[in-house]
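Visitor: Need coordinates for the following:
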Amino acid sequence: MSKKAADGDLVDEVVDGFKRERPDLSPRTVETVCRLIVAGRIMQDAAAATLSAYKVNYTDFDVLGMLRWSGPPFEQTPAELMRVVMITSGAMTTCLDRLETKGLAKRRLSDTDRRSRVVSLTAKGRKVVDDALTRRFAEAERLIAGLSAKDVKALNSLLRAVSEAAAAE
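Guide: Just a heads-up that it's a prediction; the model follows:
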């Protein structure tokens, strides 16, 4: 790998290498995608460290968070959870098995459709997710503390546009 780009970071180093080795390719968009991936990994690693205290992984926390987000009675169908957590049916089943084993969530037959199930937070699950949410929100504040409110608003707008463009593909 080339020497680190002057006053740059790892992504700058990689981009400079491709500019040198493949000047026929424009690294502009790849640089943006790489920066999103690097930032995402850093943030996900920070979340994993925070969540380890609660003995839940990132996906488990997302499911618990979405149950909490739904409001009383803190329940959703597995299909609803799959949509907002963005995981497969098999991954959801595995996650719900883990959460039930830990006493954080429970599944039952739906009151309105006996063919479907509903997932709900247990009292223990609500305590865990409320404590973890407090720490995760503080962590998010810390991770973007260097950005102004205006920058955060602009970044959110840009990331929404990136997500919408990617989803349209």
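Visitor: drop to CA atoms for contacts and neighbour counts, all remaining ones
Guide: Fine.
Visitor: which residue ranges form the strands in this protein?
Guide: Under the criterion DSSP state E, the chain contains strands at 75-76, 105-109, 117-121.
Visitor: Could you dump these into JSON lines with distance to residue 35, mean neighbour count and mean pLDDT added?
Guide: Listed next are these as JSON lines, based on distance: least, Cα to Cα, whole Å; neighbours: other Cα atoms under 10 Å; pLDDT from 0 to 100:
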{"stretch": "strand 75-76", "distance to residue 35": "34", "mean neighbour count": "22", "mean pLDDT": "94"}
{"stretch": "strand 105-109", "distance to residue 35": "36", "mean neighbour count": "17", "mean pLDDT": "95"}
{"stretch": "strand 117-121", "distance to residue 35": "36", "mean neighbour count": "22", "mean pLDDT": "96"}
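Visitor: Quick one: closest of the ones you listed to residue 158.
Guide: strand 75-76 (30.3 Å; Cα to Cα).
Visitor: Quick check: closest non-adjacent residue to residue 132.
Guide: In this structure, residue 132 finds its nearest non-sequential neighbour in residue 51, 6.8 Å apart by Cα to Cα, 6 or more residues apart in numbering.
Visitor: unless I'm mixing things up, the one you found is touching residue 134, no?
Guide: No: Residue 51 is not in contact with residue 134 according to Cα atoms under 8 Å; the separation is 11.3 Å.
Visitor: So those two - more neighbours on which side?
Guide: Neighbour tally, residue 51 and residue 134, criterion other Cα atoms under 10 Å: the higher count belongs to residue 51, 21 against 10.
Visitor: Surely residue 78 is in contact with residue 118?
Guide: Yes: in this structure, residue 78 is within contact of residue 118 by Cα under 8 Å, at 6.8 Å.
Visitor: Residue 129 against residue 60, yeah?
Guide: No: look at residue 129 against residue 60 with Cα under 8 Å: they stay out of range, at 9.8 Å.
Visitor: neighbour-wise, which of those two wins?
Guide: residue 129 (27 against 21).
Visitor: I'm done for today, thanks for sticking with me.
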